[in-house]
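*Asks:* Everything below, folded, please.
(one chain, ligands or ions: 1)
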Amino acid sequence: MNQELSQAMSDQINKEYYSAFLYLSMANWCSAEGFKGASNWMYAQYQEELAHAQGLYQYMQMRSEPVNFKSIDDPSGSWDNLLDVFKKTLAHEQFVTESINNLASVAMRANDHAAYIFLQWYVTEQVEEEGNANDLIDKLTLAADNTNALLNIDDQLAARVFAAPVIPYLE
Ligand code: OFO
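*Replies:* As a prediction, this is how the structure comes out:
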């Protein structure tokens, strides 16, 4: 594999683990604030990010490429309210989308069609990741400080059940 691509793939694995850690931190905050449904949603998101990292890791294994693990930054934060949590989620996903797009561009420049095709799963996934955060920002903006509306949204978030994503090469 092209050296720049290999390094960028490896870096992306670390970014996915940071995403997982960030959402686990948000799950923890939501739980402490009494939003058990949002905590459940964030915990499922944490599991999903772990799967994203695993998918990239397994791909690198298939290609006999090294992975350089780095320490994960402290994700803990203090968020103003549930709306702020999801605004930060969207901002983070936009950052990840840019990173994935750059990665796909590196694969294209390296003429690595296999890696480029593999990365399309992640490109598509980011549309959903941003869309989910956007939907929740809209709902939470409408709810504003209405406690009943907020608890209603929290109940909806409690219904999320983690389903392992079907990522190419990840069994
Ligand atoms: Fe891995 O998609 Fe979110 O960060």
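*Asks:* alpha carbons only for contacts and neighbour counts from here, please
*Replies:* Will do.
*Asks:* Quick check: residues of the protein near the ligand?
*Replies:* Residues of the chain that fall close to the ligand, judged by CA under 6 Å from any ligand atom: Glu16, Ser19, Glu49, His52, Glu93, Val96, Gln126, Glu129.
*Asks:* cutoff 8 Å now
*Replies:* 15-16, 19-20, 45, 48-50, 52-53, 92-93, 96-97, 122, 125-126, 129 (CA under 8 Å from any ligand atom).
*Asks:* Of those residues, which count as buried by neighbour count?
*Replies:* Using 16 or more other CA atoms under 10 Å as the burial test, these include 15-16, 19-20, 45, 48-50, 52-53, 93, 96-97, 122, 126, 129 as buried.
*Asks:* Keep only those of the residues you listed that are in helices.
*Replies:* Of the positions in those, 15-16, 19-20, 45, 48-50, 52-53, 93, 96-97, 122, 126, 129 sit in helices, assigned by DSSP state H.
*Asks:* just those residues now: which is nearest Met108?
*Replies:* Tyr122 (14.7 Å; CA to CA).
*Asks:* If I look at that closest one, what pLDDT would I see?
*Replies:* pLDDT for Tyr122: 98.
*Asks:* so the residue lying closest to it once chain neighbours are set aside is in which element?
*Replies:* Leaving aside its sequence neighbours, Tyr122 sits nearest to Ile100 (CA to CA, 6 or more residues apart in numbering; 6.9 Å). Taking DSSP states H and E as the criterion, Ile100 maps to helix 82-109.
*Asks:* Which positions in that helix come out as buried?
*Replies:* 82-83, 85-87, 89-90, 93-94, 96-97, 99-101, 103-104, 106-108.
*Asks:* try stretch 54-66
*Replies:* Gln54, Gly55, Leu56, Tyr57, Gln58, Tyr59, Met60, Glu65.
*Asks:* and the residue nearest to Glu49 when sequence neighbours are not counted, how far is that from Val85?
*Replies:* Excluding the flanking residues, the one nearest Glu49 by CA to CA, 6+ apart is Ala20, at 4.9 Å. From Ala20 across to Val85, the span is 15 Å (CA to CA, to the nearest Å).
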